[in-house]
Structure formats: C-alpha cells, structure tokens
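# below are the sequence and a predicted model for it; my questions follow.
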Amino acid sequence: MPLDEAFIDTSYMSYTIIKDKRVLRDSYIPDTLPGREEQIFQFSRILSDLLVDQPPSDVAFIGKPGTGKTAVVKHVIKKYRNEYPNLRAKFAYVNCSQATTAYRVLYQLNRSLGVLVPPSGYPFDVLWDKFVDAYMTSNSRLVIVLDEVDLLVKRDGGRLLYALTRLNYDLPEELSISLVVISNTMDFLERLDPRERSSFEPNRLQFPPYNHPQLYQILRQRADLGLKVGTWEDEALQYIASRVAQESGDARRAIDILRMAAELAENERAEKLTKEHAIMAVDTVNEEEVSITVRTLPLHHRLILAAIADVLERPVVRAGTGTIYRAYEQRASLYGVKPLTMRRVSGILRELESQGLIEIEMQYGGARGNTKVVKKMALPLRQMRNLLAQMGIR
DNA sequence: TATCCACCGGAAGATGGGGTAT
DNA sequence: ATACCCCATCTTCCGGTGGATA
C-alpha cells in the first residue's frame, strides 16, 4: 500500500456533490437542448441551403434572456461544422456586448477571416476594405452571427447591417453573406431606417420563455451530467423549475440557482442537495449578482444608488427624478465631487434599471410633471447600504 | 382654451483618453 | 513630434408631454 495514502485526508471527498463544475455554468452547451427542438429544426432548415450551395436567408432570433438563443445558434453551427467538414461556407460569431461599435464588430469579422488589424486607431474605411478583400478571396459563403445586435444598432443605427446586406449585390454568384441576428426584443428592427429595412427582412424565430417542465428537463440534464449519482433530490429541481418558470423562464438563472444550491450543500457537508438548499440558493444568487454588478459601477452611479436609498428611506416622499437628483447633489458635495447634470442622471437611472438594480415606473401629467419614479431596489435597503458602504460610500 | 409645471429623451457637440502611422 | 484615427461619457440645447390651473 502506498505510504502517503495514510496522510491524505479524504473525508471531505465523501461529501462532494459536484462532479463537473463546467456543466453547471450556462456557457456550457450540452448535446441536446431540451425544449428548443423546434427552433433547432427551423434554423437547421434555413442553413440547409448551404448544402446545395445556395445562400441561406437572414434570420432574427428573438427572445428574452436565458431562452436558449445563443445555445441554439452555437449548437446548430457546431453540428454543421462536424457533419459537413467540406462545406463551402464559413461561420463568424460576434457578440456585440463586447463589440458595441461598428468598428469593433468589423475588427472581429476581419479576425475571423484571418486578417489582423489594430483594435483601434485605424480609419473605418480601411477596415471595411480589408474585410471585403479578405472575403472576396475566401471563396466560400459567409454566415455572420451578431449576438445582442440591439446594442450595436442602438449606437450605430444599423449602418453596418445595411452595409453588410448591401454587399451581397456586389458579390459574384458563388459568394454571399447571410446574417443571423440575436436580440432580446424586436424593437431594434424598428430602429433601422426605412432604406435598411427594405433590404433586410430576416425570418423571425421566436424563443418563448421556458415553462416548468422544460426547465425541469434542463436542470435534470445538468444534474445528471454535473452532479454525482444519488447526491440530489428531485424535489429540489422541481422547486427551482417552478420558481423560475413563474418569475422569468430564464434557464440561465435556473442553472445558476442549481449550481449555487450544490455549492451550499457542499459547504455544509450535506449528503444530499435538498429543496432547502434550493430555497436558500435563490436569495444567495440574487445577492451575488447584485453585489457583482454594484462592484463594477462607476463612482457617480454608486452615488446615485446611495441617493435613491436615501430617498426611499422616507416613504412619504415620491422617489422621482427631481428628488433623487437633489439627494444626489448632497451626496456628491459630501464626497467632494462635482455633480453630473440632471440630464445625465436621468440617463443613469435608466442604466441602473436595465442592470436590474432598481425598478422604475413612469408617472405622467399633473402639476408635478412627467417623471420616472423608482419603486424599489434589487435588495432590501439595509443590504444595499452595506454593499455601498463596503465601497466607501456611507 | 391657453398656459404652466417638472421632467422626458433625442441630437449634436465637447472632452479626454485610448490608439496608429510617418 | 505630429497628424491622424476611434470612442465612451458628459454637457448643452430643445421640442415634447398631459393633467392642473387660471
């Protein structure tokens, strides 16, 4: 018997529940996607034009966060790459949340064609020409996936989309560019100006929120792959599934909760992941998420958040933009910085809303005027205060 | 019916900080 | 060193908005 065996403490191992942590992250893409069979079928069918060397039509994936849009795209593209290695087609995937400007998207596209250009400092036209040149000589059809395209369109107004679709008219028969755009909402299509809309009319693939049985299947799949046999109770999965189905149908969130529940169970050296762990995990995931986003917030965003807490503390006062702004001015002078303008603060309130840190409701009319009113924060006031205090704002 | 209040949100320009090329 | 680029963040400016009020 090996000598060192006696010196290794293996007792903690018997409590281990997690088998493969990667599986419990939402970036992991499993071999099958429960509940998205129809979308996979549709998208595969659209791409199948490539098999007869025809250009596939453009597609728009529409659906709320965590409804499997990105997963379906990656899944199907992977399948095509594996099953048809000799296909005369290239796929390029760009996530516009990392590349929010036309310049940076083009930078990514160049890279995926093997052209290295500087990440900034170059004239846009040069990047465009390089891209076109590189594509012309590639001798294959191109499918460009633009994930979170609404972020790009918001800034760029869709000029890049227009340029890319227009390019098709100048290409020879055997070349083509097809766009697959992914978006949370449909309103980015309305943001495009009329000229663009007439040349860009994608097929629409809807991604509805997952329901309870679908979420259960997803969790079941992750548990089977990522957790050890017999270390979890079915009830826990059912609880997460029903909870998430009610509030959002967001699979990403369900998977997060499952992972957190498993970690909680391990931490207290439980033998099994139970429903109680799942219940606790819901709150913990919330806290963790908020804490992470608040930590990355710039100074003035934090001051505004603190000002909102100040105002909400006095329930008599309406937490409208004006009141919040005056509280923020005090915070700023206390902190010794020059306050931003009201226009800017108004915009930041919207930013905080879209980051899920506050809830806003519009109130129209009256002598009090039109204003945003903050209804509540993502965490109880005390917790939010603590968080801000940790960052020197008290 | 006109006006006003108190804020909304688009557009455009300023600012400052990153970069490249010569 | 100089002359260009890109770009996020703010400021400035300004035409809405809709019930309350005169």
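Received it, and whenever you're ready, just let me know what you need.

# could you pull out the strands in chain A for me?
For chain A, the strands defined by DSSP state E cover A:59-63, A:89-95, A:141-147, A:177-183, A:203-207, A:358-363, A:371-377.

# do you know which of those lies nearest DNA strand B?
Relative to DNA strand B, the nearest member of the strands of chain A by Cβ to the nearest atom of the strand is strand A:371-377, separated by 3.3 Å. C-beta coordinates here come from the backbone N, C-alpha and C atoms, glycine included.

# who's the closest spatial neighbour of the residue of chain A found nearest DNA strand B, skipping the chain neighbours?
Distances from chain A to DNA strand B, computed as Cβ to the nearest atom of the strand, single out residue A:322 as the nearest residue at 1.7 Å. Closest residue to residue A:322 in three dimensions, ignoring its sequence neighbours and counting by Cβ to Cβ, 6 or more residues apart in numbering: residue A:371, at 6.7 Å.

# ok, now residue A:225?
Across the structure, with Cβ to Cβ, 6+ apart as the measure, the residue nearest residue A:225 apart from its sequence neighbours is residue A:23 (4.6 Å).

# quick one, what contacts the one you found?
A:30, A:222, A:225-226 (Cβ atoms under 8 Å, 6 or more residues apart in numbering).

# try it again with 7 Å
Remark: with contacts taken as Cβ atoms under 7 Å, 6 or more residues apart in numbering, residue A:23 is in contact with A:222, A:225-226.

# state the pLDDT value of it.
According to the model's per-residue confidence, residue A:23 sits at a pLDDT of 95.

# before we move on, the earlier item: ok, the residue of chain A closest to DNA strand B - how many residues close by?
By the measure other Cβ atoms under 10 Å, the count of residues near residue A:322 is 14.

# which of the contacts of residue A:23 are buried?
Taking 16 or more other Cβ atoms under 10 Å as the criterion, what is buried in the contacts of residue A:23 is A:222, A:226.

# so which of the contacts of residue A:23 is the closest to residue A:34?
residue A:222 (10.2 Å; Cβ to Cβ).

# so where is the stretch 1-150 of chain A shaky, pLDDT-wise?
Applying pLDDT under 70 to the predicted model, the residue ranges of the stretch 1-150 of chain A that meet it are A:1-15.

# residue A:29 contacts residue A:72, correct?
No. Applying Cβ atoms under 7 Å, one finds residue A:29 not in contact with residue A:72, separated by 9.4 Å.

# the two: which has the busier surroundings?
Neighbours of residue A:29 and residue A:72, each counted by other Cβ under 10 Å, are more numerous for residue A:72; the result is 25 against 14.

# residues in contact with the more buried one?
The neighbours of residue A:72, taking Cβ under 7 Å, 6+ apart as the test, are A:33, A:36, A:39-40, A:43.

# who wins on neighbours among those residues?
When neighbours are counted by other Cβ under 10 Å, residue A:39 leads the contacts of residue A:72 with 24 neighbours.

# now that one. Nearest residue, chain neighbours left out?
Excluding its sequence neighbours, the residue lying closest to residue A:39 (Cβ to Cβ, 6+ apart) is residue A:72, at 5.1 Å.

# could you give the number of residues near the closest residue to residue A:359 other than its chain neighbours?
Ranked by Cβ to Cβ, 6+ apart and with sequence neighbours excluded, the top spatial neighbour of residue A:359 is residue A:375, at 4.5 Å. In terms of burial, residue A:375 registers 11 neighbours under the definition other Cβ under 10 Å.
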